[in-house]
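*Asks:* quick check, what structure comes out for this input:
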Amino acid sequence: MEAADRAAAGARSAVDTSEEAEMNVYEAIAARRDVRNEFTGNVLSEEQLHRVLSAAHAAPSVGNTQPWDFVVVQDRDILRRFAAHVAERREAFAGSLPSDRADTFRPIVVEGIESSGTGVVVTYDPARGGRHILGRHTIDETGRLSVGLAIQNLWLAATAEGLGVGWVSFYTESVLHELIGIPDGIEVVAWLCLGPVTELQAVPDLERFGWRDRRPFGDVVHRESFGAS
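*Replies:* Predicted coordinates:
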């Protein structure tokens with residue numbers, strides 16, 4: 001069985017097998033949320049973690065380089081220390097905002113590092129695959145985009161499992177490198193909070209709190225040339 005087939009089978013086995021409870025990929029896309037407040041405080045099971053990471057590892061990648069690694073962090077002291085650093089960076093961002101945007105931003109929670117109980121640090125190794133990587137010869141960014149595909153796989157699999165994911169981006173990369181021992185030359189793409197949730201919000205937080213609305217579908221689709229409808 002191919003890796004993608006194994007990951008799909010794992011995701012299906014994670015949910016109630018009754019017809020009413022099964023979640024197809026479109027439902028998972030619609031239900032997916034960037035979770036902050038809704039983590040239960042419980043830690044996901046090792047079986048769930050394995051299925052979700054297997055789904056991430058089944059993602060396509062440029063030149064089949066699979067340039068990602070996943071560092072699972074559940075040590076409470078590391079979670080606490082990283083949360084303290086993120087809180088400092090959040091305050092620095094808040095202080096850079098004009099007063100009206102600061103008021104909008106204030107109630108938005110931007111991390112669930114400790115309450116999720118699990119962090120997954122997703123990294124990118126630009127050297128994996130050697131010098132001659134099929135697909136990266138003219139567009140080097142395809143390596144990082146491949147890691148983004150793995151993150152999306154993880155997120156949709158987690159949603160199908162009834163888990164929440166929160167992407168933390170308020171940090172200084174050098175601090176995270178030192179905190180969990182990431183070697184030189186390896187880039188951090190994301191710290192993902194991962195864990196059971198009480199619910200997934202019907203409306204994404206940034207829309208609910210008035211930070212920014214989603215663009216209408218009709219505005220993003222063009223035919224034959226950019227800007228043409």
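
*Asks:* what's opposite the residue lying closest to residue 187 once chain neighbours are set aside in the beta bridge?
*Replies:* In this structure, residue 187 finds its nearest non-sequential neighbour in residue 124, 4.5 Å apart by C-beta to C-beta, 6 or more residues apart in numbering. C-beta here means a position set from N, CA and C on the backbone, and glycine is covered the same way. Assessed by DSSP bridges, residue 124 has beta-bridge partners residue 68, residue 187.

*Asks:* quick one: contacts for residue 124?
*Replies:* Residues in contact with residue 124, defined by C-beta atoms under 8 Å, 6 or more residues apart in numbering, are 67-68, 143-144, 147, 186-189.

*Asks:* which of these are buried, as a PyMOL select command?
*Replies:* Only the buried members of the contacts of residue 124 end up in this PyMOL selection, burial being decided by 16 or more other C-beta atoms under 10 Å:
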select buried, resi 67+68+143+147+186+187+188+189
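
*Asks:* tell me the one of the contacts of residue 124 nearest residue 228?
*Replies:* Using C-beta to C-beta, residue 144 is the member of the contacts of residue 124 that lies nearest residue 228, at 29.3 Å.

*Asks:* give me the phi and psi angles of that closest one.
*Replies:* Here is the backbone geometry of residue 144 (degrees, to the nearest 10): phi -70, psi -40.

*Asks:* look up how far residue 93 lies from it.
*Replies:* Distance check for residue 144 against residue 93: by C-beta to C-beta, to the nearest Å, it reads 23 Å.

*Asks:* residue ranges with poor pLDDT in the chain?
*Replies:* With pLDDT under 70 as the threshold, the chain has low-confidence stretches at 1-21, 95, 102, 105-111, 203, 205-206, 208-209, 211.

*Asks:* mind listing the helices for it?
*Replies:* Applying DSSP state H to the chain gives helices spanning 3-14, 25-31, 46-57, 76-96, 99-105, 113-116, 142-160, 173-180, 205-208, 217-220.

*Asks:* what's the third one packed up against?
*Replies:* So the one you mean is helix 46-57. The contact analysis (3 or more C-beta pairs under 8 Å, 6 or more residues apart in numbering; DSSP states H and E) places helix 46-57 against helix 3-14, strand 68-73, helix 142-160.
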